[in-house]
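Peer 1: Quick one, what's the 3D model for this:
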Amino acid sequence: MDVVLEIAKRAKENTKFISNANTKIKNKILSDISKYLIASTEEIIKENKKDLEISTQEGMSDSLLDRLKLDRKRIEKKAESIDKVIKFTDPVGEVVFGYNLPNGLILKNIRVPLGVVGIIYEARPDVTIDASVLCLKAGNCIILRGSSHTLNTNKKLVQVMGRALKDNDFPDGIIQIIPSADREDAVRLMQLRQYIDVLIPRGGKSLIESVVENSRVPVIETGIGNCHVYIDNALENISMDKIAEIVINAKTQRPSVCNAAEKLLVHKDVAQKILPAVLKKLEEKNVKLLGCSISKKIYSSIGIASEEDWYEEYLDYKMAVKVVDSIEEAVMHINKYGSNHTETIITSNYQNSIYFTREIDSAAVFVNASTRFTDGEQFGMGAEIGISTQKLHWRGPMGLRELTTNKFIVLGEGQIRE
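Peer 2: This is a model prediction of the structure:
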(Lines give C-alpha, C1' and ligand atoms only; values in the text may rest on other atoms or scores of the structure.)
Protein backbone atom coordinates (compact mmCIF):
# COMPACT_ATOMS: atom_id res chain seq x y z
CA MET A 1 0.00 0.00 0.00
CA ASP A 2 1.26 3.48 -0.93
CA VAL A 3 0.82 5.18 2.46
CA VAL A 4 1.90 8.65 1.32
CA LEU A 5 -0.42 8.56 -1.69
CA GLU A 6 -3.38 7.58 0.51
CA ILE A 7 -2.57 10.40 2.94
CA ALA A 8 -2.39 12.89 0.04
CA LYS A 9 -5.68 11.67 -1.44
CA ARG A 10 -7.36 11.96 1.93
CA ALA A 11 -6.04 15.50 2.38
CA LYS A 12 -7.32 16.56 -1.05
CA GLU A 13 -10.73 15.10 -0.30
CA ASN A 14 -10.90 16.88 3.05
CA THR A 15 -10.21 20.35 1.63
CA LYS A 16 -13.94 20.65 0.93
CA PHE A 17 -14.64 20.51 4.67
CA ILE A 18 -12.08 23.04 5.90
CA SER A 19 -11.92 25.46 2.95
CA ASN A 20 -15.59 26.35 3.36
CA ALA A 21 -15.69 26.25 7.16
CA ASN A 22 -16.79 29.47 8.81
CA THR A 23 -14.57 31.40 11.18
CA LYS A 24 -16.60 30.47 14.24
CA ILE A 25 -16.15 26.72 13.88
CA LYS A 26 -12.47 27.05 12.92
CA ASN A 27 -11.85 29.12 16.04
CA LYS A 28 -13.74 26.56 18.13
CA ILE A 29 -11.46 23.77 16.83
CA LEU A 30 -8.40 25.90 17.55
CA SER A 31 -9.63 26.63 21.07
CA ASP A 32 -10.09 22.91 21.66
CA ILE A 33 -6.61 22.17 20.31
CA SER A 34 -5.20 24.69 22.79
CA LYS A 35 -7.10 23.06 25.67
CA TYR A 36 -6.23 19.51 24.62
CA LEU A 37 -2.53 20.34 24.38
CA ILE A 38 -2.57 21.53 27.99
CA ALA A 39 -4.64 18.53 29.10
CA SER A 40 -2.27 16.15 27.29
CA THR A 41 0.96 17.74 28.54
CA GLU A 42 2.18 14.65 30.38
CA GLU A 43 1.47 12.37 27.40
CA ILE A 44 3.34 14.75 25.07
CA ILE A 45 6.34 15.09 27.40
CA LYS A 46 6.52 11.30 27.77
CA GLU A 47 6.80 10.85 23.99
CA ASN A 48 9.19 13.79 23.71
CA LYS A 49 11.52 12.18 26.27
CA LYS A 50 11.74 9.10 24.05
CA ASP A 51 12.88 11.30 21.16
CA LEU A 52 15.35 13.18 23.36
CA GLU A 53 16.88 9.94 24.64
CA ILE A 54 17.31 8.52 21.12
CA SER A 55 18.75 11.79 19.80
CA THR A 56 21.16 12.10 22.74
CA GLN A 57 22.43 8.57 22.10
CA GLU A 58 22.93 9.49 18.44
CA GLY A 59 25.11 12.45 19.47
CA MET A 60 22.83 15.37 18.69
CA SER A 61 24.31 18.70 19.84
CA ASP A 62 22.94 20.50 22.88
CA SER A 63 21.60 23.38 20.77
CA LEU A 64 19.64 21.00 18.51
CA LEU A 65 18.40 19.04 21.53
CA ASP A 66 17.05 22.34 22.82
CA ARG A 67 15.03 22.75 19.61
CA LEU A 68 13.65 19.24 20.03
CA LYS A 69 12.66 19.58 23.67
CA LEU A 70 9.07 20.18 24.78
CA ASP A 71 8.40 20.86 28.46
CA ARG A 72 5.33 22.15 30.27
CA LYS A 73 6.34 25.79 29.84
CA ARG A 74 6.84 25.45 26.08
CA ILE A 75 3.56 23.60 25.63
CA GLU A 76 1.75 26.30 27.59
CA LYS A 77 3.40 28.95 25.41
CA LYS A 78 2.23 27.13 22.28
CA ALA A 79 -1.30 27.00 23.67
CA GLU A 80 -1.13 30.76 24.28
CA SER A 81 0.04 31.35 20.72
CA ILE A 82 -3.00 29.41 19.45
CA ASP A 83 -5.25 31.68 21.51
CA LYS A 84 -3.63 34.64 19.73
CA VAL A 85 -4.27 33.10 16.31
CA ILE A 86 -7.93 32.72 17.23
CA LYS A 87 -8.15 36.48 17.72
CA PHE A 88 -6.65 37.28 14.33
CA THR A 89 -8.93 38.13 11.43
CA ASP A 90 -9.75 35.16 9.23
CA PRO A 91 -8.15 35.93 5.85
CA VAL A 92 -10.41 33.61 3.86
CA GLY A 93 -12.95 35.63 1.88
CA GLU A 94 -11.18 38.94 2.47
CA VAL A 95 -11.64 41.27 -0.51
CA VAL A 96 -8.18 42.27 -1.75
CA PHE A 97 -9.57 44.75 -4.28
CA GLY A 98 -12.66 45.28 -6.41
CA TYR A 99 -14.27 47.67 -8.86
CA ASN A 100 -16.98 48.02 -11.49
CA LEU A 101 -15.91 47.59 -15.11
CA PRO A 102 -17.21 49.90 -17.88
CA ASN A 103 -19.21 46.98 -19.34
CA GLY A 104 -21.20 46.65 -16.12
CA LEU A 105 -19.36 43.63 -14.74
CA ILE A 106 -18.65 43.77 -11.00
CA LEU A 107 -15.16 42.42 -10.26
CA LYS A 108 -13.60 41.55 -6.94
CA ASN A 109 -10.47 39.69 -5.92
CA ILE A 110 -10.71 37.63 -2.72
CA ARG A 111 -8.42 35.49 -0.56
CA VAL A 112 -8.95 31.72 -0.72
CA PRO A 113 -7.07 28.80 0.87
CA LEU A 114 -4.03 27.29 -0.86
CA GLY A 115 -5.58 23.81 -0.52
CA VAL A 116 -3.24 21.05 0.64
CA VAL A 117 0.02 22.19 2.21
CA GLY A 118 2.86 19.72 2.72
CA ILE A 119 5.67 20.56 5.11
CA ILE A 120 9.00 18.73 5.41
CA TYR A 121 10.98 19.75 8.47
CA GLU A 122 13.60 18.72 10.97
CA ALA A 123 13.64 18.26 14.77
CA ARG A 124 11.19 21.02 15.69
CA PRO A 125 7.97 19.71 17.28
CA ASP A 126 6.77 23.30 17.80
CA VAL A 127 6.55 23.51 13.99
CA THR A 128 4.03 20.66 14.10
CA ILE A 129 1.70 22.81 16.18
CA ASP A 130 2.32 26.16 14.49
CA ALA A 131 1.98 24.84 10.95
CA SER A 132 -1.18 22.87 11.72
CA VAL A 133 -2.90 25.73 13.52
CA LEU A 134 -2.13 28.29 10.83
CA CYS A 135 -3.11 26.00 7.97
CA LEU A 136 -6.40 25.15 9.67
CA LYS A 137 -7.34 28.80 10.30
CA ALA A 138 -6.42 29.68 6.70
CA GLY A 139 -8.69 26.88 5.46
CA ASN A 140 -5.99 24.41 4.37
CA CYS A 141 -5.32 20.73 4.95
CA ILE A 142 -1.78 19.90 6.03
CA ILE A 143 0.52 16.92 5.61
CA LEU A 144 3.43 16.86 8.05
CA ARG A 145 6.68 15.01 7.49
CA GLY A 146 9.08 15.55 10.39
CA SER A 147 12.44 13.94 11.09
CA SER A 148 13.18 10.67 12.84
CA HIS A 149 14.45 12.64 15.85
CA THR A 150 10.96 13.89 16.69
CA LEU A 151 8.68 11.18 15.30
CA ASN A 152 7.18 10.05 18.62
CA THR A 153 6.42 13.63 19.69
CA ASN A 154 4.93 14.60 16.34
CA LYS A 155 2.64 11.58 16.18
CA LYS A 156 1.31 12.35 19.65
CA LEU A 157 0.75 16.03 18.80
CA VAL A 158 -1.17 15.12 15.63
CA GLN A 159 -3.23 12.63 17.63
CA VAL A 160 -4.12 15.34 20.17
CA MET A 161 -5.07 17.84 17.46
CA GLY A 162 -7.07 15.16 15.64
CA ARG A 163 -9.15 14.73 18.79
CA ALA A 164 -10.22 18.36 18.59
CA LEU A 165 -11.22 17.95 14.93
CA LYS A 166 -13.29 14.84 15.60
CA ASP A 167 -15.02 16.39 18.60
CA ASN A 168 -16.25 19.15 16.29
CA ASP A 169 -17.45 16.69 13.60
CA PHE A 170 -14.55 17.41 11.25
CA PRO A 171 -12.35 14.67 9.73
CA ASP A 172 -9.00 14.27 11.44
CA GLY A 173 -7.53 13.94 7.95
CA ILE A 174 -7.35 17.74 7.83
CA ILE A 175 -4.14 17.39 9.88
CA GLN A 176 -2.07 14.33 8.95
CA ILE A 177 1.45 13.09 9.54
CA ILE A 178 3.50 10.68 7.47
CA PRO A 179 4.13 8.00 10.12
CA SER A 180 7.76 7.36 9.18
CA ALA A 181 10.93 9.34 8.57
CA ASP A 182 12.04 7.29 5.56
CA ARG A 183 13.62 9.37 2.83
CA GLU A 184 11.55 7.48 0.25
CA ASP A 185 8.35 8.80 1.84
CA ALA A 186 9.64 12.38 1.64
CA VAL A 187 10.55 11.92 -2.03
CA ARG A 188 7.12 10.41 -2.69
CA LEU A 189 5.47 13.45 -1.09
CA MET A 190 7.46 15.71 -3.42
CA GLN A 191 6.02 13.95 -6.49
CA LEU A 192 2.29 14.19 -5.71
CA ARG A 193 1.53 17.40 -7.57
CA GLN A 194 -1.99 16.17 -8.36
CA TYR A 195 -2.93 16.24 -4.67
CA ILE A 196 -0.59 18.71 -2.97
CA ASP A 197 -0.77 22.40 -3.82
CA VAL A 198 2.40 23.67 -2.16
CA LEU A 199 5.36 22.21 -0.29
CA ILE A 200 7.27 24.07 2.43
CA PRO A 201 10.66 22.79 3.61
CA ARG A 202 11.92 23.94 7.02
CA GLY A 203 15.42 23.02 8.07
CA GLY A 204 19.05 23.20 7.07
CA LYS A 205 20.58 24.01 3.72
CA SER A 206 20.79 20.39 2.50
CA LEU A 207 17.11 19.71 3.28
CA ILE A 208 15.89 22.84 1.53
CA GLU A 209 18.10 22.28 -1.52
CA SER A 210 16.95 18.66 -1.77
CA VAL A 211 13.27 19.65 -1.75
CA VAL A 212 13.77 22.47 -4.27
CA GLU A 213 15.73 20.21 -6.64
CA ASN A 214 13.50 17.11 -6.40
CA SER A 215 9.97 18.41 -5.91
CA ARG A 216 7.35 18.43 -8.67
CA VAL A 217 5.09 20.33 -6.26
CA PRO A 218 5.55 24.14 -6.11
CA VAL A 219 7.91 25.01 -3.23
CA ILE A 220 8.01 27.98 -0.87
CA GLU A 221 11.56 28.16 0.48
CA THR A 222 11.91 28.96 4.16
CA GLY A 223 15.61 29.54 3.89
CA ILE A 224 18.55 29.10 6.18
CA GLY A 225 19.58 32.00 8.41
CA ASN A 226 23.14 33.12 7.83
CA CYS A 227 22.34 36.41 9.58
CA HIS A 228 24.72 39.33 10.18
CA VAL A 229 25.17 42.18 12.64
CA TYR A 230 27.16 45.12 11.25
CA ILE A 231 28.59 47.70 13.68
CA ASP A 232 29.00 51.00 11.87
CA ASN A 233 31.61 53.69 12.64
CA ALA A 234 28.90 56.23 13.53
CA LEU A 235 27.96 55.37 17.13
CA GLU A 236 27.13 58.68 18.80
CA ASN A 237 24.90 58.17 21.85
CA ILE A 238 25.04 54.37 21.47
CA SER A 239 26.81 52.92 24.49
CA MET A 240 29.19 49.97 24.49
CA ASP A 241 26.73 48.13 26.72
CA LYS A 242 23.91 48.63 24.21
CA ILE A 243 26.09 47.41 21.32
CA ALA A 244 27.12 44.32 23.29
CA GLU A 245 23.53 43.61 24.36
CA ILE A 246 22.34 43.56 20.74
CA VAL A 247 25.17 41.28 19.60
CA ILE A 248 24.90 38.92 22.58
CA ASN A 249 21.13 38.63 22.21
CA ALA A 250 21.33 38.08 18.47
CA LYS A 251 23.88 35.27 18.90
CA THR A 252 23.12 33.57 22.22
CA GLN A 253 19.47 34.12 23.19
CA ARG A 254 18.66 30.96 21.19
CA PRO A 255 21.53 30.04 18.88
CA SER A 256 19.83 27.04 17.27
CA VAL A 257 17.20 29.05 15.37
CA CYS A 258 17.36 30.63 11.91
CA ASN A 259 17.18 34.27 13.08
CA ALA A 260 20.22 33.97 15.37
CA ALA A 261 23.21 36.01 14.17
CA GLU A 262 26.05 33.96 12.73
CA LYS A 263 28.41 36.74 11.62
CA LEU A 264 29.65 40.00 13.13
CA LEU A 265 31.02 42.75 10.85
CA VAL A 266 32.73 45.81 12.36
CA HIS A 267 33.91 49.03 10.70
CA LYS A 268 37.70 49.40 10.87
CA ASP A 269 37.44 52.83 12.55
CA VAL A 270 35.82 51.36 15.67
CA ALA A 271 37.12 47.77 15.58
CA GLN A 272 40.00 48.38 18.01
CA LYS A 273 37.62 49.89 20.55
CA ILE A 274 34.56 47.66 20.04
CA LEU A 275 35.86 44.15 19.41
CA PRO A 276 37.76 43.40 22.66
CA ALA A 277 34.76 44.26 24.83
CA VAL A 278 32.13 42.54 22.65
CA LEU A 279 34.17 39.42 21.90
CA LYS A 280 35.08 38.96 25.55
CA LYS A 281 31.37 38.93 26.43
CA LEU A 282 30.67 36.45 23.64
CA GLU A 283 33.40 34.15 24.97
CA GLU A 284 31.90 34.43 28.44
CA LYS A 285 28.74 33.01 26.87
CA ASN A 286 30.82 30.08 25.51
CA VAL A 287 30.72 31.28 21.92
CA LYS A 288 33.54 29.87 19.76
CA LEU A 289 34.98 32.71 17.68
CA LEU A 290 36.52 32.67 14.23
CA GLY A 291 37.56 35.70 12.22
CA CYS A 292 39.59 37.49 9.59
CA SER A 293 43.29 38.21 10.05
CA ILE A 294 42.63 41.79 11.22
CA SER A 295 40.13 40.72 13.89
CA LYS A 296 42.63 38.09 15.11
CA LYS A 297 45.30 40.78 15.53
CA ILE A 298 42.87 42.75 17.67
CA TYR A 299 41.63 39.74 19.67
CA SER A 300 44.23 36.98 19.52
CA SER A 301 42.21 34.09 20.97
CA ILE A 302 39.90 33.77 17.99
CA GLY A 303 40.59 31.28 15.21
CA ILE A 304 40.93 32.05 11.51
CA ALA A 305 37.74 31.72 9.46
CA SER A 306 37.84 29.83 6.17
CA GLU A 307 36.04 30.93 3.00
CA GLU A 308 33.36 28.32 3.72
CA ASP A 309 32.74 29.79 7.17
CA TRP A 310 31.34 33.01 5.69
CA TYR A 311 28.58 31.01 3.97
CA GLU A 312 27.78 28.71 6.89
CA GLU A 313 24.76 28.73 9.18
CA TYR A 314 26.20 27.42 12.46
CA LEU A 315 23.03 27.03 14.56
CA ASP A 316 25.35 26.78 17.54
CA TYR A 317 27.52 28.78 19.93
CA LYS A 318 29.83 29.82 17.12
CA MET A 319 30.37 33.13 15.33
CA ALA A 320 32.67 34.52 12.63
CA VAL A 321 34.00 38.11 12.83
CA LYS A 322 35.23 40.40 10.06
CA VAL A 323 36.62 43.94 10.05
CA VAL A 324 35.46 45.92 6.99
CA ASP A 325 36.73 49.16 5.49
CA SER A 326 33.31 50.72 4.88
CA ILE A 327 29.56 50.28 5.04
CA GLU A 328 29.69 49.57 1.30
CA GLU A 329 32.03 46.62 1.94
CA ALA A 330 29.74 45.38 4.70
CA VAL A 331 26.76 45.44 2.32
CA MET A 332 28.72 43.69 -0.43
CA HIS A 333 29.89 41.01 2.01
CA ILE A 334 26.37 40.36 3.32
CA ASN A 335 24.78 40.23 -0.14
CA LYS A 336 27.48 37.79 -1.29
CA TYR A 337 27.63 35.42 1.66
CA GLY A 338 24.28 35.92 3.38
CA SER A 339 21.12 33.85 2.95
CA ASN A 340 18.68 36.74 2.37
CA HIS A 341 17.14 36.19 5.80
CA THR A 342 17.85 38.91 8.42
CA GLU A 343 20.55 41.55 8.84
CA THR A 344 21.11 44.32 11.41
CA ILE A 345 23.06 47.57 11.38
CA ILE A 346 24.07 49.31 14.61
CA THR A 347 24.49 53.00 13.80
CA SER A 348 23.56 56.52 14.85
CA ASN A 349 23.83 57.84 11.29
CA TYR A 350 20.44 58.22 9.57
CA GLN A 351 21.87 58.16 6.03
CA ASN A 352 23.84 55.01 6.77
CA SER A 353 20.75 53.29 8.13
CA ILE A 354 18.80 54.22 4.99
CA TYR A 355 21.62 53.00 2.75
CA PHE A 356 21.87 49.69 4.62
CA THR A 357 18.14 48.98 4.61
CA ARG A 358 17.87 49.90 0.92
CA GLU A 359 20.89 47.98 -0.37
CA ILE A 360 20.66 44.77 1.67
CA ASP A 361 18.76 42.08 -0.28
CA SER A 362 17.15 40.22 2.62
CA ALA A 363 13.64 39.46 3.86
CA ALA A 364 14.14 41.56 7.02
CA VAL A 365 16.59 44.37 7.77
CA PHE A 366 16.89 45.96 11.23
CA VAL A 367 18.39 49.15 12.54
CA ASN A 368 19.71 49.05 16.14
CA ALA A 369 17.88 45.85 17.13
CA SER A 370 18.57 42.14 17.46
CA THR A 371 18.06 39.79 14.51
CA ARG A 372 16.02 37.59 16.85
CA PHE A 373 12.90 39.69 16.22
CA THR A 374 12.31 38.20 12.75
CA ASP A 375 9.42 36.08 13.88
CA GLY A 376 5.72 35.96 13.08
CA GLU A 377 4.64 36.29 16.68
CA GLN A 378 7.09 39.13 17.36
CA PHE A 379 5.83 40.92 14.23
CA GLY A 380 2.26 40.74 15.51
CA MET A 381 1.25 38.09 12.96
CA GLY A 382 0.64 35.30 15.48
CA ALA A 383 2.44 32.01 14.93
CA GLU A 384 4.28 31.41 11.65
CA ILE A 385 4.75 28.45 9.36
CA GLY A 386 8.24 29.62 8.44
CA ILE A 387 10.30 32.57 7.24
CA SER A 388 10.42 32.76 3.48
CA THR A 389 13.64 34.02 1.91
CA GLN A 390 12.47 33.77 -1.69
CA LYS A 391 10.72 36.53 -3.63
CA LEU A 392 7.59 34.63 -4.66
CA HIS A 393 4.99 34.65 -3.34
CA TRP A 394 6.11 36.20 -0.05
CA ARG A 395 9.24 37.17 1.91
CA GLY A 396 9.65 37.05 5.66
CA PRO A 397 7.46 35.40 8.31
CA MET A 398 4.52 33.52 6.82
CA GLY A 399 1.35 33.88 8.86
CA LEU A 400 -2.32 33.45 8.01
CA ARG A 401 -2.59 35.73 4.97
CA GLU A 402 0.53 34.21 3.44
CA LEU A 403 -1.15 30.77 3.53
CA THR A 404 -3.84 31.93 1.12
CA THR A 405 -3.94 32.66 -2.58
CA ASN A 406 -6.43 34.72 -4.57
CA LYS A 407 -9.49 34.23 -6.74
CA PHE A 408 -11.36 36.60 -9.07
CA ILE A 409 -15.14 36.75 -8.65
CA VAL A 410 -16.95 38.51 -11.51
CA LEU A 411 -20.70 39.26 -11.36
CA GLY A 412 -22.59 39.90 -14.55
CA GLU A 413 -26.08 40.36 -16.00
CA GLY A 414 -25.72 38.57 -19.31
CA GLN A 415 -22.72 40.45 -20.69
CA ILE A 416 -20.90 38.90 -23.65
CA ARG A 417 -17.55 39.86 -25.09
CA GLU A 418 -17.62 41.58 -28.45
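
Peer 1: Give the other helices and strands that the helix or strand where residue 273 lies contacts.
Peer 2: Taking DSSP states H and E as the criterion, residue 273 maps to helix 268-284. Under the contact definition 3 or more Cβ pairs under 8 Å, 6 or more residues apart in numbering; DSSP states H and E, helix 268-284 sits against strand 227-231, helix 240-252, strand 261-267, strand 288-291, helix 293-298, strand 318-324. All C-beta atoms are positioned from the backbone trio N, CA, C, and that covers glycine.

Peer 1: How far away from the center of its chain is it?
Peer 2: Counting by Cα atoms, centre = their mean, to the nearest Å, helix 268-284 is centred 30 Å from the centre of its parent chain.

Peer 1: Buried residues, that helix. List them.
Peer 2: Using 16 or more other Cβ atoms under 10 Å as the test for burial, helix 268-284 gives 270-271, 274-275, 278-279, 281-282.

Peer 1: ok, now stretch 76-85?
Peer 2: By neighbour count on 16+ other Cβ under 10 Å, the buried set for stretch 76-85 is 78-79, 81-82, 85.

Peer 1: just stretch 375-394 next, same as before
Peer 2: Across stretch 375-394, burial judged by 16+ other Cβ under 10 Å covers 375-377, 381-389, 394.

Peer 1: now swap in stretch 38-56 and tell me
Peer 2: Neighbour-count burial for stretch 38-56, with 16+ other Cβ under 10 Å as criterion, is recorded at 40-41, 44-45, 47-48, 51-52, 54-55.

Peer 1: tell me the SS of residue 196?
Peer 2: Three-state assignment for residue 196 (DSSP: H, G, I helix; E, B strand; the rest coil): coil.

Peer 1: okay, now it: neighbour count?
Peer 2: 25 (other Cβ atoms under 10 Å).

Peer 1: Could I get the full set of helices for the stretch 101-250 of the chain?
Peer 2: Counting by DSSP state H, counting those that start in this stretch, the stretch 101-250 of the chain has helices at residues 125-137, 151-167, 183-191, 205-214, 240-252.

Peer 1: so how far is the least confident helix or strand in the chain by mean pLDDT off the chain centroid?
Peer 2: Every helix and strand of the chain was ranked by mean pLDDT, DSSP states H and E. The lowest is helix 62-68, at a mean of 85. Helix 62-68 sits 16 Å away from the centroid of its parent chain (Cα atoms, centre = their mean).

Peer 1: Show me the shaky parts of this structure.
Peer 2: 382 (pLDDT under 70).

Peer 1: I'd like the domain boundaries of it, if you could list them.
Peer 2: Using automatic domain parsing, the domain parsing of the chain gives 3-89+113-222, 227-373.

Peer 1: of those domains, which approaches residue 399 most closely?
Peer 2: Residue 399 lies closest, by Cβ to Cβ, to one member of these: domain 3-89+113-222, at 6.6 Å.

Peer 1: gap between the two ends of that closest one?
Peer 2: Using Cα to Cα, to the nearest Å, one end of domain 3-89+113-222 lies 26 Å from the other.

Peer 1: CSV for the buried residues of stretch 38-56, including distance to residue 114?
Peer 2: Shown next, in CSV, are the buried residues of stretch 38-56 (distance: Cβ to Cβ, whole Å):
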residue, distance to residue 114
40, 28
41, 31
44, 28
45, 33
47, 29
48, 30
51, 29
52, 33
54, 34
55, 32
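
Peer 1: wait, which of those residues is closest to residue 169?
Peer 2: residue 40 (20.6 Å).

Peer 1: contacting residues around that closest one?
Peer 2: By Cβ atoms under 8 Å, 6 or more residues apart in numbering, residue 40 lies in contact with 156, 160.

Peer 1: hmm, back to that, which of the buried residues of stretch 375-394 fall within strands?
Peer 2: Cross-referencing those against strands under DSSP state E gives 387-388.

Peer 1: Which pair of the buried residues of stretch 375-394 spans the longest distance?
Peer 2: Longest span within the buried residues of stretch 375-394, Cβ to Cβ: 382 and 389, 20.2 Å.

Peer 1: Distance check, the nearest residue to residue 384 once chain neighbours are set aside against residue 174.
Peer 2: For residue 384, ignoring the flanking residues on the chain, the nearest one in space by Cβ to Cβ, 6 or more residues apart in numbering is residue 376 at 2.8 Å. Residue 376 sits at a distance of 21 Å from residue 174 (criterion: Cβ to Cβ, to the nearest Å).

Peer 1: Ok, residue 373 next?
Peer 2: As judged by Cβ to Cβ, residue 373 and residue 174 stand 32 Å apart.

Peer 1: same question, residue 313
Peer 2: Counting by Cβ to Cβ, the gap from residue 313 to residue 174 is 33 Å.

Peer 1: what does residue 74 give?
Peer 2: Taking Cβ to Cβ, one finds residue 74 at 24 Å from residue 174.

Peer 1: Compare these two and say which is more crowded by neighbours.
Peer 2: More neighbours surround residue 174 than the other of residue 74 and residue 174, with 25 against 17 (other Cβ under 10 Å).

Peer 1: Just the closest of the buried residues of helix 268-284 to residue 223, please.
Peer 2: residue 282 (24.9 Å).

Peer 1: my read: that closest one touches residue 289, true?
Peer 2: Yes - using Cβ atoms under 8 Å, residue 282 is in contact with residue 289, at 6.4 Å.

Peer 1: Which neighbours do these two have in common?
Peer 2: Jointly contacting residue 282 and residue 289 under the rule Cβ under 8 Å, 6+ apart are residue 319.
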